[in-house]
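Q: got a structure for you, letters missing:
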């Protein structure tokens, strides 16, 4: 037996991909190089995944300030997300 509730409420939060894609600022080119600096590997991975999902293709993530300096000197990122605790 299948019960149907025709009065069910729609989710309060839009699906992950569609909400990010619909709010993407088209003034930032998707070929912009992005560097993520965060010692928490999970945070770096999550942010990288979100950026890839919205269309950014050149995203790098590092876990320390010294490594960020090394990578940035050759990578020349246009945007840097930096963990303020570093």
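A: Thanks, I have the structure now. No experiment lies behind these values; they were computed from the predicted model shown.

Q: now do stretch 61-69: everything it contacts.
A: With contacts defined as CB atoms under 8 Å, 6 or more residues apart in numbering, stretch 61-69 is touched by 35-41, 44-45, 47-48, 71, 80, 82, 86. Backbone N, C-alpha and C define where each C-beta goes, glycine included.

Q: rerun that using 6 Å as the cut-off
A: If you take CB atoms under 6 Å, 6 or more residues apart in numbering as the criterion, stretch 61-69 is touched by 36-37, 39, 44, 48, 71, 86.

Q: only the buried subset of these, as a ChimeraX command please.
A: Only the buried members of the contacts of stretch 61-69 end up in this ChimeraX selection, burial being decided by 16 or more other CB atoms under 10 Å:
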select :36,37,44,48,71
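
Q: pick out the most distant pair among the contacts of stretch 61-69.
A: Greatest spacing in those, by CB to CB: 48 and 86 (17.0 Å).

Q: which strands and helices sit next to the top helix by length along the chain?
A: Longest among the helix segments of the chain by residue count, using DSSP state H, is helix 41-53. Helix 41-53 sits against strand 34-37, strand 59-62, with contacts defined as 3 or more CB pairs under 6 Å, 6 or more residues apart in numbering; DSSP states H and E.

Q: again, only this time at 10 Å
A: helix 16-23, strand 34-37, strand 59-62, strand 79-82 (3 or more CB pairs under 10 Å, 6 or more residues apart in numbering; DSSP states H and E).

Q: those: lowest mean pLDDT?
A: Per-stretch mean pLDDT for those is lowest at helix 16-23 (a mean of 44).

Q: minimum pLDDT in the contacts of stretch 61-69, which residue is that?
A: Within the contacts of stretch 61-69, the minimum per-residue pLDDT falls on residue 86 (65).

Q: residue 38 touches residue 81, doesn't it?
A: Yes. Assessed by CB atoms under 10 Å, residue 38 is found in contact with residue 81 at 7.3 Å.
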